[in-house]
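1. For reference, the sequence and a predicted model appear below.
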Amino acid sequence: MDQLSGLDASFLHQESGTSSGHVSFLALYDGPSFGPDGPYAAIRALLEQRLDRVPRMRQRLVEIPFDLDLPYWVDDPDFDLDFHLRHVAVPPPGDRGQLAALAGRLIGRRLDRSRPLWELNVIESIEDDEIAILLKTHHAAVEGATGRELLGVLLDTSPDFDPEAAIAEPLGGEPIPDSVELLRRSYTAMATSPQRLVRAQQNALRSVGELFLGFGRTFDVSPFAELRSAIGLADAERAGVRVPPAPSPRAPFNAPTTAHRRIAWRSVPLREIKAVKHSAETTFHDVVVAVCAGGLRRYLLRHDALPAASLVALVPIAVRRENAAAPLASRVSAAVVKIATHEDDPARRLAEVHDALANAHEHQQAIPAAEVIERFEEFSTPAVAAQASRMVASVRVADREHPPFNLAITNVAGPRDPLYTAGGRLKALLPALPVSDGMGLNMNVVSYSDRLDFCLVACRELVPDLEALAEDLVKELEALAARPKSPRKRRPGRLRQSRPLAT
């Protein structure tokens, strides 16, 4: 049995009635390319052939009584592929709005902890002969290696796929340990770890309060509250996030959330982003963040809710590590930067975003262009997006009276060559980071082939017109392209190659 790390277990504890601990990916495909048997049959055959490559997809969690210790992963003796693989359809005419509404409902549902923590929905009846796949995986299950393995199961660089190939050997489950065995393991571990003993006492007190007294957060105002806060900050540091002391200005989406979600996306040609980049003598990453900032400004102005001070965003970035052989997850850090939403001129806003990201990259030793990992199989888009999402969750926004940032903006550069799933051609891959109390909006950006996709996820009640915000991004890009073309003055020492998370 494998035991969860403290950080992974914290993602379980952060779940509530209004927030979930999973990260989602919505992938759009060319429907006819799946072949005569259709996408569901092809994808099911693919999973049957390759499930053995990702052991975590066959494992479920076993929790210790009273949360005295961290949970364990065990091979599920009753694994049922049909429980995890769902076949759904949108009603006619199957337009983007109906697909977005369905995806929002699916994203808002928590995963069943009594089963392996993933779910894959095959969605049909979409206009333009498209097929969608919505994949949900829990933060606790997706770390760097598992994310890459999962990508290897679902995505290929070739359309060749044989649905009649031999399926993977059935994996035998293991007996679920009883409470006595779990407690024995826990007390043995606590005997050599004072930190585990303190955590066990805290969890036991909270569990007793919930069970007998009817309140679950009584002990959050005790001395344990300081310990809980300190652990949260330590988790953030381990995940690569440096939390600033000053709070961000409040925006309408920085409020308690409900369990309901919305999702919206827009696609623009890559050449339009590159044209702005070259004319402004800045970087691709700068332009993406500036477009998000300008879209937010338009949206907030329309709602008469634009703060006087700039909004602050968490922007995951690639960083240099001393150990060049370090795994993917250790190469991802994050910067908390002001995105100049107070600036009304698109050109000046882009310049301020450039300077803010330049400071962040210099401070955190960003990887130069020559060292950016370029092989897709080594630096997978879903794995990086999941790692960025884990960073957001590690800061524990819901535990803070006012969040240190207003939203997360994740920019991941995907491959230029086409990708396939069970023979079906991938048209777009849209990561959807979760939202939580205090931060009801996330912006996720992915480039693939010759297009750039903006995917927005929000609390349904806090951002009821998410489609309008998505359209604001397109308008902001048009404004940046139409701005006067004057050369930008760069200060000495600021010449650097700002990069998104991956290439």
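-> Thanks, I have the structure now. Numbers count the residues shown, from 1 in each chain.
2. where does this protein dip in pLDDT?
-> Applying pLDDT under 70 to the chain flags residues 7, 65-68, 143-147, 170-174, 178-246, 317-334, 361-403, 485-503.
3. Can you list the neighbours in contact with the helix or strand encompassing residue 97?
-> For residue 97, the host element (DSSP states H and E) is helix 96-108. Outside of helix 96-108, the residues within contact range by C-beta atoms under 8 Å, 6 or more residues apart in numbering are 20, 24, 26, 88, 90-91, 121, 123, 126-127, 132, 134, 136, 259-265, 432, 434, 457, 460, 467. All C-beta atoms are positioned from the backbone trio N, CA, C, and that covers glycine.
4. Mind checking which of those are buried?
-> The neighbour count (16 or more other C-beta atoms under 10 Å) marks 20, 24, 26, 90, 121, 123, 126, 132, 134, 136, 261-265, 432, 434, 457, 460, 467 as buried among the contacts of helix 96-108.
5. Can you tell me which of those residues end up in helices?
-> Residues of those located in helices (DSSP state H): residue 467.
6. Filter the buried ones among the contacts of helix 96-108 down to the ones in strands?
-> The strands, defined by DSSP state E, take in 24, 26, 121, 123, 126, 132, 134, 136, 261-265, 432, 457 from the buried ones among the contacts of helix 96-108.
7. ok, residue 135 touching residue 25?
-> Yes: shown here, residue 135 and residue 25 form a contact pair, counting by C-beta atoms under 8 Å, at 4.7 Å.
8. of those two, who's got more company?
-> For the pair residue 135 and residue 25, the greater number of neighbours falls to residue 25 (24 against 20), based on other C-beta atoms under 10 Å.
9. wait, the more buried one sits on residue 433?
-> No: in terms of C-beta under 8 Å, residue 25 does not count as a neighbour of residue 433; the distance is 10.3 Å.
10. Beta-bridge partners for residue 89, please?
-> Residue 89 has these beta-bridge partners by DSSP bridges: residue 124.
11. which other residues reach stretch 126-135?
-> Residues outside stretch 126-135 that contact it (C-beta under 8 Å, 6+ apart) are 24-32, 34, 39, 43, 90, 93-96, 99, 103, 106-107, 118-124, 154, 382, 421, 424, 427.
12. per the record, what domains does the chain have?
-> Domain assignment for the chain by automatic domain parsing gives 193-237, 258-482.
13. one step back: filter the contacts of stretch 126-135 down to the buried ones, ChimeraX style.
-> This is the ChimeraX syntax for the buried subset of the contacts of stretch 126-135, where burial follows 16+ other C-beta under 10 Å:
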select :24,25,26,27,28,29,30,31,34,39,43,90,94,96,99,103,106,107,118,119,120,121,122,123,124,154,382,421,424,427
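14. one step back: residue 59: which of the ones in strands among the buried ones among the contacts of helix 96-108 is nearest?
-> Ranked by distance to residue 59 (C-beta to C-beta), those are led by residue 136 at 16.1 Å.
15. do you know how far that closest one is from residue 455?
-> Noted for residue 136: a distance of 15 Å to residue 455, by C-beta to C-beta, to the nearest Å.
16. repeat for residue 482
-> 25 Å.
17. Look at the two and report which has more neighbours.
-> Each of residue 482 and residue 455 has its neighbours counted (other C-beta under 10 Å); residue 455 has more, 27 against 10.
18. Do I have it right that that one meets residue 262?
-> No: using C-beta under 8 Å, residue 455 is not in contact with residue 262; the gap is 11.4 Å.
19. For residue 295, give me its contacts.
-> Per C-beta under 8 Å, 6+ apart, neighbours of residue 295: 469-470, 472-473, 475-476.
20. quick one: it is in a strand?
-> No: secondary structure of residue 295 (DSSP: H, G, I helix; E, B strand; the rest coil): helix, not part of a strand.
21. can you pull the contacts of residue 46?
-> Residue 46 neighbours (C-beta under 8 Å, 6+ apart): 153-154, 161, 163, 421-422.
22. typo on my end, residue 440
-> Residue 440 neighbours (C-beta under 8 Å, 6+ apart): 253-255, 257, 458-459, 462-463.
23. Now render those as TSV, adding distance to residue 297 and neighbour count.
-> Shown next, in TSV, are these (distance: C-beta to C-beta, whole Å; neighbours: other C-beta atoms under 10 Å):
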residue	distance to residue 297	neighbour count
253	14	24
254	16	23
255	19	14
257	22	23
458	17	26
459	20	26
462	18	21
463	15	23
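24. re the thing from before, make JSON lines out of the contacts of residue 46 and add distance to residue 303 and secondary structure.
-> Formatted as JSON lines, the contacts of residue 46 follow (distance: C-beta to C-beta, whole Å; DSSP: H, G, I helix; E, B strand; the rest coil):
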{"residue": "153", "distance to residue 303": "42", "secondary structure": "helix"}
{"residue": "154", "distance to residue 303": "38", "secondary structure": "helix"}
{"residue": "161", "distance to residue 303": "47", "secondary structure": "coil"}
{"residue": "163", "distance to residue 303": "50", "secondary structure": "coil"}
{"residue": "421", "distance to residue 303": "39", "secondary structure": "strand"}
{"residue": "422", "distance to residue 303": "43", "secondary structure": "coil"}
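25. Among these, which one sits closest to residue 177?
-> Taking C-beta to C-beta as the measure, residue 177 lies nearest residue 153 of those, at 28.2 Å.
26. Count the neighbours of the residue lying closest to that closest one once chain neighbours are set aside for me.
-> Take residue 153 and drop its neighbours on the chain: the residue closest to it by C-beta to C-beta, 6 or more residues apart in numbering is residue 50, 4.5 Å away. Per other C-beta under 10 Å, the neighbour tally for residue 50 reads 18.
27. And the next helix or strand past the helix or strand residue 50 falls within?
-> Using DSSP H and E, residue 50 maps to helix 38-50. Using DSSP H and E, the helix or strand that directly follows helix 38-50 along the chain is strand 59-62.
28. neighbouring contacts of that next one?
-> Contacts of strand 59-62 (C-beta under 8 Å, 6+ apart): 1-2, 4, 12, 71-76, 113-117, 140, 176-177, 182.
29. and if we set it to 7 Å?
-> For strand 59-62, the external contacting residues (C-beta atoms under 7 Å, 6 or more residues apart in numbering) are 71-76, 113-116, 176-177, 182.
30. in the stretch 151-300 of the chain, which spans are strands?
-> For the stretch 151-300 of the chain, applying DSSP state E, counting those that start in this stretch gives strands covering 261-269.
31. Helices along that one, start to end?
-> 179-190, 194-208, 223-238, 270-280, 284-302 (DSSP state H, counting those that start in this stretch).
32. Not counting sequence-adjacent ones, nearest residue to residue 455?
-> residue 430 (3.9 Å).
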